[in-house]
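1. here's my sequence, what's the structure:
(one chain, ligands or ions: 2)
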Amino acid sequence: PQTIHLADYAAYSHLVDSVHLTFRLSPDATRVISRIVFRPNPDAPAQPFFLHGEGLRLISASIDGAPVTPTLTETGLTCDVPDGPFVWETEVEIAPAGNTALEGLYMSNGMYCTQCEAEGFRKITYYPDRPDVMSIFTVRIEGAEPVLLSNGNPVAQGAGFAEWHDPWPKPAYLFALVAGELLAHPGEFTTQSGRKVTLNIWVRPGDEDKCAFGMEALKASMRWDEQVYGREYDLDIFNIVAVDDFNMGAMENKGLNIFNSSCVLASPETSTDANFERIEAIIAHEYFHNWTGNRITCRDWFQLCLKEGLTVYRDSQFTSDVRSAPVKRIEDVIQLRARQFREDNGPLAHPVRPESFVEINNFYTATVYEKGAELIGMLKTLVGDADYARALDLYFERHDGQACTIEDWLKVFEDATGRDLGQFKRWYAQAGTPRLSVTDEFADGRYTLHFSQQTPPTPGQDQKDPRVIPIAVGLLNPNGDEVLPTTVLEMTQASQSFSFDGLATRPIPSILRNFSAPVILERATSNAERAFLLAHDTDPFNRWEAGRALARDGLIRMILEGAAPDTAFLEALQAVARDDSLDPAFRALAMGLPSQDDLAQTLFDMGHTPDPQAIWQALETLKQAMAQHMQDLLPRLYAQYQIEEAYRPDATQTGARALANTALALLSRLDGGAQAQRQYDSAGNMTQQLAAYGCLLTVGKGTAATTAFYEQWKHDRLVIDKWFSLQIACADPAEAVDVTRALTKHPDFTMKNPNRFRATLGALTASPAGFHQATGAGYALLADWLIRLDPLNPQTTARMCSAFETWRRYDAGRQGLIKAQLDRILSTPNLSRDTAEMLGRIRG
Ligand code: B3K
Ligand code: ZN
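-> Residues are numbered from 1 along each chain as shown. Ligands and ions are numbered 1, 2, ... in the order given. Predicted coordinates for the structure are as follows:
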């Protein structure tokens, strides 16, 4: 397989003036007839005419009406073409029913749908399938299905056909087609300039009652983008379709977003509060792509973070605005550390803008998305809100209709602010998470912070240069008063000091407030100071962070020294838990403990070999101690945050339920699940039901609920996904592999549905103590299924390979067992390019 390099970019030989596609739908023999108007690109280097195409049966081809015989290659075709403009026409045949990779045109529950990003359009017809080739598409769909959808505005429809025209030039990856027996949940939106837009959420019959929330989220997103970024919607219609078989969350196709049904369908009875929040965020994300991704797209796939980092940043701003900003920030940082820091620390580390790839689908990563978003946040912190707004206005004005690069993006900021962003650009080019170490000193009223930054080597990058790091700090007096409100220090050197004068006493520093940069802060600090910050910091993120550091420190001592749970931590936590002036959602987050994976990485960074079982045991012991320590408080908390009003998935109710259910989980360790059983029996919504079910499973009392839950929900695939994954997540680690294996034999298990596959095998890999069982049974089970899935669905297989990315942390025994499985998968004949690349990088 060929490696593609950023440095090799060259413009495409031709410009495409227009594209006309006709689809004659049929499950095994769909005909795609294309008529494409090409014109030589004056800015392109000389090159032979080439069109991408994969798995297509070419029926005919012509140029300006005269038949031609192109030369077919593995990846497309070449052909002699005229020197000037010409009309290219082909007819090809494809078989959507047999397309299990879920890329290109495929079928899901009898419905036709497409997924073209990144390189799926070449599985539909011959085309220059690259994002810098933008054109105007007209699409005619012929089929018996009652609903026939494509991008843009509808121009004609009748019995057995529909025609769509998209006036906005777009790359092929934004093409979409949907056909099936679908029902619309309709809506309407009037843009700020007064244009009426028809909205629809299309679902399979039976799901109509799960669209109302998504529709409201869509309207809120449309309004927010007008108010905050001045971006208005630009077509007469906006369609969303829910599809059951989908490799990822959703896709921002122009005017026709396609969603994994798990990321759009919502009802109180079937969705948890967390599901609602995620659905709202994904609907916003895909909608926001209309400007950041679609109107302005990427020149090539190395620039993926241009649209993804920015759009993740925008959706996080939206969630912060409509919910709670501190809660959103804490949730985002938990995810960033769990997924992106982990990636940055291992064999899959790559820059936010990678410089080479084999399979681009392997680069839709936490680094490109989440770290990419952090870079936007840092830029905004560095230039300030007003200059950020001016830079974004300039970006939209200057680049609308173009396919752009990170250089274009940074230039806009330089031009709008007069700043030189040369050093900032290193954040895009250098992989790895910087370690930021801090010491401090105090003398004669002057307090000084000494920082030094260092980034460990990552694959292919041994040397790292210092980056610009915005460090938000505040200073507190020992009595808890803030003597320096949040101030952003701009670190540019490898080592740098900042002083603050006129202080009467030595202050307590609150560093990296609101997590102002994606770095690992290293500072020798006392637990007394952490407890102080947990109690007094004015920055909610750093309050939470102080509690987290206390918990981590205690857990590490429990693991390494066999220490007992730290009473000071339990006291500090109880003080937060019982403080009714604090947001319940914040308190629930503060009561959460570092994950098993977080502790494993912490131990590894300290020079120890993590023992997954010991980590799990320490967490269990600490939770038991928390329950005992707070035994008087827990029933009160639980009762106090029960909700009498009708269910609403908003921040207020969500926070109250999160706190009550956090209390319930601890309470269950004291009452053997009695209260959880009562909640399970009376639950009126999925948040309550699932939380109670999880408690019952955790305390070993879940058998009856497992049967009852299945009977109640066996008709609902999304709820049954929860049933699969929760049994694995809550299993005793010694049994997790057996539970997983048994569930793969359940009649409702199918590897063809990515959601179900992830709910089962993915749940195992998310339970470190279970997955890393010393026998290697977890590794073998996962490998068996990856080998089975790869020929059907390379994308989902490759993604799940990252379960092995931390393998070098572990002991020689586990390393040997993992390596054997990596080699076994790698030696499978005809392994996909996706999986081969991932495993090759992981194995090193
Ligand atoms: N742009 C899509 C992701 C496509 C993934 C292709 N393997 C969804 C999103 O980021 O909004
Ligand atoms: Zn996106």
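
2. for residue 200, phi and psi?
-> Listed backbone geometry of residue 200 is phi -140, psi 140, with angles given as degrees, to the nearest 10.

3. identify the bridge partners of it.
-> Taking DSSP bridges as the rule, residue 200 bridges to residue 186, residue 239.

4. just the pLDDT for it.
-> Predicted confidence (pLDDT) for residue 200: 99.

5. okay, now it: neighbour count?
-> When neighbours are counted by other CB atoms under 10 Å, residue 200 registers 23. Where C-beta positions appear, they are placed from N, C-alpha and C, glycine not excepted.

6. please renumber so the chain begins at 845
-> Sure, I'll start counting at 845 from here, so that last one is residue 1044.

7. touching, it and residue 1029? I think so.
-> Yes. Residue 1044 is in contact with residue 1029 according to CB atoms under 8 Å; the separation is 6.9 Å.

8. now do the strands in the stretch 895-1044 of the chain.
-> For the stretch 895-1044 of the chain, the strands defined by DSSP state E, counting those that start in this stretch cover 901-907, 910-911, 915-916, 920-922, 930-938, 948-952, 955-959, 979-986, 991-994, 997-1002, 1005-1014, 1021-1024, 1027-1034, 1040-1047.

9. I'd like to know which of these is closest to residue 1247.
-> strand 1005-1014 (9.6 Å; CB to CB).

10. show me what contacts the closest residue in space to residue 1017 that isn't next to it in sequence?
-> Leaving aside its sequence neighbours, residue 1017 sits nearest to residue 961 (CB to CB, 6 or more residues apart in numbering; 4.2 Å). By CB atoms under 8 Å, 6 or more residues apart in numbering, the contact set of residue 961 is 1017, 1018, 1095.

11. tell me which helix or strand residue 1395 sits in.
-> helix 1384-1405 (DSSP states H and E).

12. which helices and strands does that helix pack with?
-> helix 1169-1179, helix 1371-1380, helix 1411-1421, helix 1428-1435, helix 1440-1449, helix 1456-1473 (3 or more CB pairs under 8 Å, 6 or more residues apart in numbering; DSSP states H and E).

13. would you turn those helices into a markdown table with mean pLDDT, mean neighbour count and distance to ligand 1?
-> As requested, those are exported to a markdown table (pLDDT from 0 to 100; neighbours: other CB atoms under 10 Å; distance: least, CB to the nearest ligand atom, whole Å):
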| stretch | mean pLDDT | mean neighbour count | distance to ligand 1 |
| --- | --- | --- | --- |
| helix 1169-1179 | 98 | 19 | 15 |
| helix 1371-1380 | 97 | 18 | 36 |
| helix 1411-1421 | 97 | 18 | 36 |
| helix 1428-1435 | 98 | 23 | 26 |
| helix 1440-1449 | 97 | 20 | 24 |
| helix 1456-1473 | 98 | 19 | 31 |
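
14. including distance to ligand 2, could those go into a markdown table?
-> Below are these laid out as a markdown table (distance: least, CB to the ion, whole Å):
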| stretch | distance to ligand 2 |
| --- | --- |
| helix 1169-1179 | 15 |
| helix 1371-1380 | 35 |
| helix 1411-1421 | 35 |
| helix 1428-1435 | 25 |
| helix 1440-1449 | 25 |
| helix 1456-1473 | 33 |
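
15. quick one: those helices as TSV, columns for distance to residue 1076 too.
-> Formatted as TSV, the helices and strands packed on helix 1384-1405 follow (distance: least, CB to CB, whole Å):
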stretch	distance to residue 1076
helix 1169-1179	25
helix 1371-1380	44
helix 1411-1421	44
helix 1428-1435	33
helix 1440-1449	42
helix 1456-1473	49
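
16. show me what contacts residue 924?
-> 893, 912.

17. state the distance from it to ligand 2.
-> 39 Å (CB to the ion, to the nearest Å).

18. any idea how far residue 855 is from that residue?
-> 21 Å (CB to CB, to the nearest Å).

19. next: residue 1137.
-> 21 Å.

20. end to end, how far does stretch 1446-1457 reach?
-> 15 Å (CA to CA, to the nearest Å).

21. residues contacting it, please?
-> 1396, 1400, 1403-1404, 1438, 1440, 1443-1445, 1459, 1577, 1612-1613, 1615-1618, 1653-1655.

22. can I see the domain layout of the protein?
-> The chain resolves into domains spanning 848-1108, 1141-1273, 1285-1386, 1558-1688 when parsed by automatic domain parsing.

23. give me the distance from the third one to the chain's centre.
-> Here domain 1285-1386 shows a centroid-to-chain-centroid distance of 29 Å under the convention CA atoms, centre = their mean, to the nearest Å.

24. now the end-to-end length of that domain.
-> With CA to CA, one end of domain 1285-1386 sits 21 Å from the other.

25. and this structure, which of its residues are near ligand 1?
-> Taking CB under 6 Å from any ligand atom as the contact definition, the chain meets ligand 1 at 961, 962, 1092, 1094, 1095, 1096, 1129, 1130, 1133, 1152, 1205, 1208.

26. chain neighbours aside, what residue packs nearest to residue 1270?
-> Nearest to residue 1270 is residue 1311, by CB to CB, 6+ apart, at 5.0 Å.

27. and residue 1528, how close does it get to ligand 2?
-> 34 Å.

28. for that residue, give me its contacts.
-> By CB under 8 Å, 6+ apart, the neighbours of residue 1528 are 1112, 1113, 1491.

29. ditto for residue 1199
-> 849, 850, 851, 1146, 1273 are the contacts of residue 1199 under CB under 8 Å, 6+ apart.

30. check residue 948 too.
-> 899, 938, 940, 958, 959, 960, 964, 965, 966, 967, 968.

31. residue 1137 and residue 855: which is more packed in?
-> Comparing residue 1137 with residue 855 by other CB under 10 Å, the one with more neighbours is residue 1137, at 24 against 17.

32. any idea how far the more buried one lies from residue 1336?
-> 31 Å.

33. again with residue 1477
-> 47 Å.

34. what do you get for residue 1506?
-> 42 Å.

35. give me the more crowded residue out of these two.
-> Taking other CB under 10 Å, residue 1506 and residue 1336 do not tie; residue 1506 has more neighbours (24 against 12).

36. sorry, back to before: tell me the secondary structure for the residue nearest to residue 1270?
-> Under the three-state scheme (DSSP: H, G, I helix; E, B strand; the rest coil), residue 1311 adopts coil.

37. wait, it sits on residue 1273?
-> No. Residue 1311 is beyond contact range of residue 1273, at 9.9 Å (criterion: CB under 8 Å).

38. name the element the one residue in the stretch 1395-1544 of the chain that gets nearest to ligand 2 belongs to?
-> For the stretch 1395-1544 of the chain and ligand 2, the shortest gap (CB to the ion) falls at residue 1493, measuring 22.6 Å. Counting by DSSP H and E, there is no helix or strand that carries residue 1493.

39. nearest to ligand 2: which residue in the stretch 1445-1594 of the chain?
-> residue 1562 (21.6 Å).

40. that residue should be in a strand, yeah?
-> No. Counting by three-state DSSP, one finds residue 1562 to be helix, located in no strand.

41. residues in contact with the residue of the stretch 1395-1544 of the chain closest to ligand 2?
-> Here residue 1493 is in contact with 1057, 1110, 1112, 1115, 1117, 1120, 1121 (CB under 8 Å, 6+ apart).

42. for the residue nearest to residue 1436 when sequence neighbours are not counted, give me its contacts.
-> Excluding its sequence neighbours, the residue lying closest to residue 1436 (CB to CB, 6+ apart) is residue 1506, at 7.5 Å. Shown in contact with residue 1506 (CB under 8 Å, 6+ apart): 1431, 1432, 1435, 1436.
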